[in-house]
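Undergrad: sequence first, predicted coordinates after that:
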4 protein chains.
Amino acid sequence: MSNKIVLGIIGAGRIGKLHAENVVNNFVDVKVKAIADMYADKIKDWATDLGIENVYADYHDILNDPEIDTVLICSSTNTHSPISIEAANAGKNIFCEKPIDYDLERISAALDAVKKAGVKYQVGFNRRFDHNFSKVCDLVKEGKIGDPHIIKVTSRDPEPPSPEYAKVSGGMFLDMTIHDFDMVRYLSGSEVVEVYANAAVLVDPAIGEAGDVDTALITLKFANGAIGVIDNSRRAAYGYDQRVEVFGSKGGVTVSNDTPSSAILSTADGVFAEKPKYFFLERYKDSFVEELRQFFQAIKDDTPTPVQGIDGLKPVIIAIAAKKSYEEGRPVKITE
Amino acid sequence: MSNKIVLGIIGAGRIGKLHAENVVNNFVDVKVKAIADMYADKIKDWATDLGIENVYADYHDILNDPEIDTVLICSSTNTHSPISIEAANAGKNIFCEKPIDYDLERISAALDAVKKAGVKYQVGFNRRFDHNFSKVCDLVKEGKIGDPHIIKVTSRDPEPPSPEYAKVSGGMFLDMTIHDFDMVRYLSGSEVVEVYANAAVLVDPAIGEAGDVDTALITLKFANGAIGVIDNSRRAAYGYDQRVEVFGSKGGVTVSNDTPSSAILSTADGVFAEKPKYFFLERYKDSFVEELRQFFQAIKDDTPTPVQGIDGLKPVIIAIAAKKSYEEGRPVKITE
Amino acid sequence: MSNKIVLGIIGAGRIGKLHAENVVNNFVDVKVKAIADMYADKIKDWATDLGIENVYADYHDILNDPEIDTVLICSSTNTHSPISIEAANAGKNIFCEKPIDYDLERISAALDAVKKAGVKYQVGFNRRFDHNFSKVCDLVKEGKIGDPHIIKVTSRDPEPPSPEYAKVSGGMFLDMTIHDFDMVRYLSGSEVVEVYANAAVLVDPAIGEAGDVDTALITLKFANGAIGVIDNSRRAAYGYDQRVEVFGSKGGVTVSNDTPSSAILSTADGVFAEKPKYFFLERYKDSFVEELRQFFQAIKDDTPTPVQGIDGLKPVIIAIAAKKSYEEGRPVKITE
Amino acid sequence: MSNKIVLGIIGAGRIGKLHAENVVNNFVDVKVKAIADMYADKIKDWATDLGIENVYADYHDILNDPEIDTVLICSSTNTHSPISIEAANAGKNIFCEKPIDYDLERISAALDAVKKAGVKYQVGFNRRFDHNFSKVCDLVKEGKIGDPHIIKVTSRDPEPPSPEYAKVSGGMFLDMTIHDFDMVRYLSGSEVVEVYANAAVLVDPAIGEAGDVDTALITLKFANGAIGVIDNSRRAAYGYDQRVEVFGSKGGVTVSNDTPSSAILSTADGVFAEKPKYFFLERYKDSFVEELRQFFQAIKDDTPTPVQGIDGLKPVIIAIAAKKSYEEGRPVKITE
């Protein structure tokens, strides 16, 4: 029992609650000692039912608890980098939800603090732990497709955000495509060196009025010579569309969407299959457990976490370049 | 909190442990108060980690606890019917692993006791709660395929049992096909009235020497006029093969196997997909949770359980008829 | 030019015309010299357009032409065996549409005449030459699935015959399942030794009143120990359903239906694919060319034809046994 | 008989022969009266076997034959536009293989001549007549996917050309992608207004040394607001890869590759499907017949041909813009 990880969770919104439940239900050697949320009162019953003893309104109560060695940062995005710094300074291992920040300097400051403290740091790019995408990555790493030549990511949401949200989201590239920028790095095993964003407002004019786009094709060049393309839409009528393809010198690998069942109904009207799983929580359910499993394992084994600080920084750099490319109507080099 | 279900689990083998973990991790309003196993010492640590306070060597300690209102019977098959009777007499709601018994009279005795006690009783035919098969059943019930004409079940294991096990298993029809007999009743919404079993020893001669078969095609007639066929093999080289098809006056529905991922690899050597999920615990993982969810819901709502006592009896009757058909080389009517 | 095959076609109904067009359009080294049909006048224009010089009302004009070395018998079923005998006696190589006859003695007489004359004889079981089924057969022969254990054939028509036709067709087993009896012999590489037919009238009561069935599951035992099942329906609402599966000691192989296109449409209403190709002429289009190609090749190379006389006899024997099995409600052994 | 189309074919290379055979074997109301080829001697026997009476070394013999009303121009690319002009001036209806020319002025001159002569003119973009792509186009036109938002074309060859060929081919965009530029116009129902080409030499360095590329992602903007991407490779290890996707406001439609059979083999080593049909003649076999069928129908009905002169011009304009985009590293507007 003595080498149990003792966990504090900061932020009990949708994703904080999900992580809390996943930890309690899946990891007998991890104890959730405390959870902190501004609205502590509202989560009290839920936390008690789950067996979490301490519910704080102030996350400093977690950072100040010497028994807690590890924290999950699930608070609002603008607090990710400052809390990362505080937690690192307090010597906690850190799992931080994505994105670390929208500002490159603030991200660097957080990563510096982590480096200095020597604590573990993992960024919550959960899709890397999805059964489909991780299989693609494995096949690429095993050399099954040879050298990667073309990387393709299709990522379309089932419903657009409200124009209000679009206004404060940082824009589609930072808010939505950022997952895909992480995915192409993960699948190609290489860094993006140039980006060209072809984008449009086709789903909802109000998104355009809010200064954002809702449909995009982002072309990429990689350091290893490969080229890639991400296509995004804020609204696929048939649901959440999440597919990738990696094509290379020896072949290609694709993955398709997961569906609620494999049922195929054939009638006089046609042949019908199920639509993709609709929502990211449903589609990526197991990946949220798996990312924590590997995080906890890295702590126990004292090995590098599978998604490091740099992996939190790079997609933001690409997203900012994509935005610039769209605004200036030209390809933009990534010079770092 | 007062209307929490208080549960005792009888038997802590593979399936008993699975149910215990599933209850603890998924149902906040069900409390596992105790678990009983002949080898109580061996499961003590596991139970403690899971938060189960009481571990007994004698299951009567569970039956005698008035606070416990519900039991899961996960002990060895030959004890299912007598413990069902004892538990019913003690007024407990009962979830009993399949099969209730291999002996029709002993099953009837158990069901009589349940009826007399007026307790809930559910048999553990978990495959009914699988996402694929339940979808087929829903589509059939919704009339999408019209009147069922042909029911087809493919059910093949990844590995044959040892000849020793084959000898004591009651034979393939009672040990393996029994799931499929339940499945055809579930999918057809009708009762089997005649069975013809065409079987052979093709996988392992030692199974034949043990008096059993390992490959079979069982043809069925249903009360509603439909006809059906189950094909079984004790060994599919590519893994666990679990598919069904229901064909009717307005069309047909099929389901295929689940795979670990949807990855398709194309190379000069061909196009490769993943093999089916290999093992029943992996393939039917979610169904074990879902059957308990519906059991607990039936208790709370005081509605009939989704798999009743009669559903435990009927497949055994069919299996016995199939065995007779095979031995006598002729179709056998089911007269009840 | 001297070693061109010179062909006469007997019967210019749907299948006779199809063969004529296929020969003219695909085989430059085969000359269609004449076609005979009772209604010669009606096919004159069609024949001229196709470049066939001679149109006869009496097929003896073909048999008496010494330049014609090969005949296709495409006349009505009851004339297949007598014309086979006459053509064999006239020394012609013969391609005869299926079935040779419904009467075993008449078939034997025809095969005897062929044997005595030493001419080539091929029966028109075109499905053996289908791209899907021949691929399955190749994989089985190459040992990819090991020893065959279970053979499954699904064969469902898009529309039932008229009750009038059902009355004179010889019954579903001889009229429709006969193709599938040929298919299981082809795929298993073994002979059927026992058959049990489970059949029903579920599509059209008028078919039942005409003394026939319209839905069936026919279970089979093979000489090599394998077991098999054919499922038939006279009406699949979604169209022509033609699939097979061969399962064996090292794995299994399946084929699915051909569709007009591979288009998958995904909308808010679901995911839609195309229905199977609807009609046998469309579905098996290429197989009708391929069976002739191999027939002509066997003549040129003086090698055995790919579907011999015995292959025309055996399915009729099985069909008769299936009918008996259905009528007597018991498995029937095939003793020849 | 009097209204038969009388055809002359100019050029008897691979594609000229293919068209000749397709016409003879499929269209009874079209007479191939003559074929012209520089190497007339070499095709004499082939033409005779096919029943073509006249074989000329000089195509003017065809243009000068007043009975011939229609010509197929299948000669080498650099002769397409001058022969188009001569044939138009001779009053012949014209089917011209793609591309009309690599030079925009020469194309315009040819189209002007056609317009002046008032003859039918069709360009051989056969892929529009493929069963898969035409189905996608139909579904888009029927409004099934709503307004098109994203058009995606995957087009990969099984083998790269020789570097010698690459040198004289006009470059990959004019030689290979030109089909895809036609396809996106066909599928989107709109014109390309901007193109950005991201390309690389990843398949064969010798192609790069010859001044060409072998791998590309070409991003497009359409007049109707949609965006699109074409991905090309000169070598897919698994064969000829030809897929498209059109995504819009109401959903999306995809097509996958055709395969020689639908066989799926499952063994201990995995689940195997067939590779795509390998070669364009095999993959697009039926489309070559269908494009002629619609061409002949347009002549008979005096309706516009399905692929007009403008459809031959536009892809060349886009290809030239793509080349410029690649060379200058920036998006290029198409101003016509």
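TA: That came through fine.

Undergrad: any buried residues in stretch A:255-274, and which?
TA: Under the neighbour-count criterion of 16 or more other CB atoms under 10 Å in any protein chain shown, stretch A:255-274 has A:255-259, A:261-267, A:271-274 buried. (Glycine included, C-beta is placed from N, CA and C.)

Undergrad: can that stretch be found next to chain D?
TA: No: counting by CB under 8 Å from any CB of the partner chain, chain D is not contacted by stretch A:255-274; separation bottoms out at 9.7 Å.

Undergrad: just how off-centre is stretch A:91-100 within its chain?
TA: Averaging C-alpha positions (CA atoms, centre = their mean, to the nearest Å) puts stretch A:91-100 12 Å from its chain's average.

Undergrad: how about the buried residues of stretch A:255-274, which pair is most distant?
TA: A:Val255 and A:Thr267 (28.7 Å; CB to CB).

Undergrad: which is the succeeding secondary structure element to the helix or strand of chain A with the lowest mean pLDDT?
TA: Every helix and strand of chain A was ranked by mean pLDDT, DSSP states H and E. The lowest is helix A:163-168, at a mean of 85. Next in sequence after helix A:163-168, counting helices and strands by DSSP states H and E, comes helix A:172-175.

Undergrad: hmm, that next one touching chain D?
TA: No: residues of helix A:172-175 are not located near chain D by CB under 8 Å from any CB, the shortest gap being 13.6 Å.

Undergrad: can I get the least confident helix or strand of chain A in CSV? Just the C-alpha atoms.
TA: C-alpha atoms of helix A:163-168 as CSV (Å, rounded to 0.1, in the frame of the first residue of the first chain):
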residue,chain,number,x,y,z
PRO,A,163,-20.8,31.6,-32.1
GLU,A,164,-20.2,32.9,-28.6
TYR,A,165,-17.9,30.0,-27.9
ALA,A,166,-16.2,30.5,-31.3
LYS,A,167,-15.4,34.0,-30.3
VAL,A,168,-13.5,33.0,-27.2
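
Undergrad: mind listing residues that contact that helix?
TA: With contacts defined as CB atoms under 8 Å, 6 or more residues apart in numbering or on different chains, helix A:163-168 is touched by A:Pro160, A:Met172, A:Asp204, A:Ala206, A:Ile207, A:Glu209, A:Ala210, A:Gly211, A:Asp212.

Undergrad: next one: stretch A:314-327
TA: A:98-102, A:104, A:107, A:125, A:170-171, A:173-174, A:177-179, A:181-182, A:185, A:191-192, A:195-199, A:213, A:216, A:218, A:220, A:331-334, A:336.

Undergrad: what of stretch A:180-191?
TA: So stretch A:180-191 is contacted by A:98, A:125, A:127-128, A:133, A:136-137, A:140-141, A:148, A:151, A:153, A:155, A:192, A:218, A:220, A:222-224, A:226, A:228, A:230, A:232, A:244, A:246, A:311, A:314-315, A:318-319, A:322, A:334 (CB under 8 Å, 6+ apart).

Undergrad: give me the mean pLDDT for it.
TA: Averaging pLDDT along stretch A:180-191 gives 97.

Undergrad: buried residues in that stretch?
TA: A:Asp180, A:Phe181, A:Asp182, A:Met183, A:Val184, A:Arg185, A:Tyr186, A:Leu187, A:Ser188, A:Ser190, A:Glu191.

Undergrad: repeat that for stretch A:91-105.
TA: So for stretch A:91-105, counting by 16+ other CB under 10 Å, buried means A:Lys92, A:Asn93, A:Ile94, A:Phe95, A:Cys96, A:Glu97, A:Lys98, A:Pro99, A:Ile100, A:Asp101, A:Tyr102.

Undergrad: between the residues you listed, which sits nearest chain C?
TA: A:Lys98 (28.1 Å; CB to the nearest CB).

Undergrad: so what's that closest one closest to, chain neighbours aside?
TA: In space, and not counting its chain neighbours, A:Lys98 is closest to A:Gly124: 4.9 Å by CB to CB, 6 or more residues apart in numbering or on different chains.

Undergrad: isn't that neighbour right up against A:Phe95?
TA: Yes: when contacts are counted by CB atoms under 8 Å, A:Gly124 is listed as touching A:Phe95 (6.7 Å).

Undergrad: touching chain B at all, stretch A:20-36?
TA: Yes: for stretch A:20-36, a contact with chain B is found by CB under 8 Å from any CB, at A:Val24, A:Asn25, A:Asn26, A:Val28.

Undergrad: would you mind checking those for buried ones?
TA: Using 16+ other CB under 10 Å, the buried ones in the residues of stretch A:20-36 next to chain B are A:Val24, A:Asn26.

Undergrad: show the pLDDT at the residue nearest to A:Lys98.
TA: Reported pLDDT for A:Gly124: 96.

Undergrad: how many neighbours does it have?
TA: A:Gly124: 25 surrounding residues under other CB atoms under 10 Å in any protein chain shown.

Undergrad: how close does it get to chain D?
TA: As for A:Gly124, its distance to chain D is 28 Å (criterion: CB to the nearest CB, to the nearest Å).

Undergrad: what of A:Glu86?
TA: Counting by CB to the nearest CB - A:Glu86 and chain D are separated by 43 Å.

Undergrad: and that residue, what is it in contact with?
TA: Counted by CB under 8 Å, 6+ apart, A:Glu86 has contacts A:His60, A:Leu63.
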